[in-house]
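> next one to model:
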Amino acid sequence: MFEEIGSIRNEADETSLQILALFRDSISEIRLREPESVSMYFKPEYSHYMVVHTPLNIQYPEKREEWSLRFCRDVGVSVVELIVAENSSAYVSGLMAVNGSKVYAILPFTAIDSEKVGKAKFPEDRMAGVRAQVLPLLLPDVKGATILDIGSGFGTLTLEIAKNNPDSKVYGIDLHDSLTGQAQMNAEVLGVPNVEFRTGSVYALPFDGVSVNAATCFFMLHHLEDIKFALFEIKRVLKMGGSLMAVEPLEKHHHHGPQLSEDAWKELFEDVGFEVKAESRGGAVVLKAVKRG
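Presented below is the predicted three-dimensional model:
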């Protein structure tokens with residue numbers, strides 16, 4: 001039997017960890033029972049560790065069976081990257097456990113381990129490749145004094161926008177407290193001061209009218225029941241001449257939500273009154289819209 005050596009602090013719950021692939025970049029605090037344990041477990045020569053912890057109390061669908069094997073059996077095992085170790089705590093990314101979970105073991109993850117498990121890749125969601133190809137090219141184009149990232153999730157992209165715009169105020173919006181709370185924790189640990197995460201709906205954004213210079217929606221709109229209503233609400237908060245950048249999967253690359261072509265997405269934005277340009281990139285449509293009149 002493992003003995004408890006510490007506990008985990010983050011903002012994750014079972015609901016937010018249903019989207020495990022997006023949680024990998026989020027930060028958790030490992031609080032060790034004995035302060036001297038930090039230097040014992042975490043050493044300068046290692047960047048990654050295997051952490052044995054309380055398992056998740058959920059089961060993933062059959063196509064995600066590897067997730068269940070790794071994180072949902074008698075114990076969970078996560079390969080984490082050390083961000084910083086201090087006092088009686090260490091901050092790591094990639095720890096797949098909910099707030100309050102127990103930690104039972106911490107072991108260095110070495111180059112030998114990496115070679116042995118080189119073929120065991122973390123399962124990606126279907127759109128991960130599309131995101132990785134498209135979004136890094138677009139983020140430098142997001143500019144403005146006040147920027148709103150809608151559907152920010154755990155805040156990975158929102159933080160990149162904030163880092164690219166250090167003099168701007170950047171907001172991330174998502175529906176669930178566990179997502180926005182975790183995103184804010186990530187920002188605080190990483191030292192990104194110009195970002196704030198709020199819980200709210202795209203149908204009723206918690207911002208005054210004509211108060212935002214730029215907005216982004218990355219792979220979010222196709223999840224909505226009423227896309228046009230959401231676009232009207234985004235247009236409400238944008239200043240005149242403000243921009244909206246959205247990226248959505250094209251019909252042949254995605255199999256839930258509306259199956260829309262590039263022209264159909266462009267028409268949706270035009271119906272709301274945006275002046276919009278659309279182009280296809282790597283299985284997605286990039287929509288750059290401006291509020292006019």
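
> number of residues surrounding I30?
Residues lying near I30 (other CB atoms under 10 Å) number 30. To be clear about C-beta, it is placed using only N, CA and C from the backbone, and glycine gets the same treatment.

> can you check I83 too?
I83 has 16 neighbours, counted by other CB under 10 Å.

> list the contacts of R31.
Going by CB atoms under 8 Å, 6 or more residues apart in numbering, R31 touches 6-9, 88-89.

> now the helices for the stretch 1-150 of the chain?
Using DSSP state H, counting those that start in this stretch, the helices found in the stretch 1-150 of the chain span residues 20-23, 37-41, 65-71, 111-116, 128-138.

> can you check the stretch 151-293 of the chain too?
Assignment of helices within the stretch 151-293 of the chain using DSSP H, counting those that start in this stretch yields the ranges 156-164, 177-190, 227-237, 262-272.

> what's the closest of those to L56?
Proximity to L56, assessed across the helices of the stretch 151-293 of the chain by CB to CB, is greatest for helix 177-190 (13.6 Å).

> hmm, back to that, what's the farthest-apart pair in the contacts of R31?
I8 and S88 (13.4 Å).

> looking at these two, which is more packed in?
I8 (22 against 15).

> ok, that one - contacts?
Taking CB under 8 Å, 6+ apart as the contact definition, I8 lies against 28-31, 53-54, 95, 97-103.

> ok, it to N165 distance?
Remark: distance between I8 and N165 (CB to CB, to the nearest Å) = 32 Å.

> again, but for S101
In this view, S101 and N165 are 35 Å apart by CB to CB.

> now do the same end-to-end measure for stretch 24-37.
This stretch, stretch 24-37, spans 25 Å end to end (CA to CA, to the nearest Å).

> same check on stretch 84-93?
Taking CA to CA as the criterion, the two ends of stretch 84-93 lie 10 Å apart.

> contacting residues around it?
Residues contacting stretch 84-93 (CB under 8 Å, 6+ apart): 24-32, 34-35, 37-39, 41-42, 49, 51, 80-83, 189.

> the domain parsing of this structure - what is it?
6-116, 128-291 (automatic domain parsing).

> which of those is buried the deepest?
Mean neighbour count (mean count of other CB atoms under 10 Å) peaks for domain 128-291 among the domains of the chain, with a mean of 19.

> so, low pLDDT: which residues of the stretch 101-250 of the chain?
Scanning the stretch 101-250 of the chain for pLDDT under 70 picks out 112-129.

> what's near enough to touch the residue nearest to the spatial centre of the chain?
For the chain, the residue nearest the mean C-alpha position is F154 (3.5 Å; CA atoms, centre = their mean). Each residue near F154 by CB under 8 Å, 6+ apart is listed here: 16, 22-23, 25-26, 179, 182-183, 186.

> quick check: of the residues you listed, which lies closest to L238?
Checking the contacts of F154 against L238 by CB to CB gives A183 as the nearest, at 22.2 Å.

> which residues are contacting stretch 34-44?
The contact list for stretch 34-44 (CB under 8 Å, 6+ apart) reads 5-6, 32, 49, 82, 85-90, 106, 108.

> try 7 Å this time
With contact meaning CB atoms under 7 Å, 6 or more residues apart in numbering, stretch 34-44 is reached by 5, 32, 82, 85, 87-88, 90, 106.
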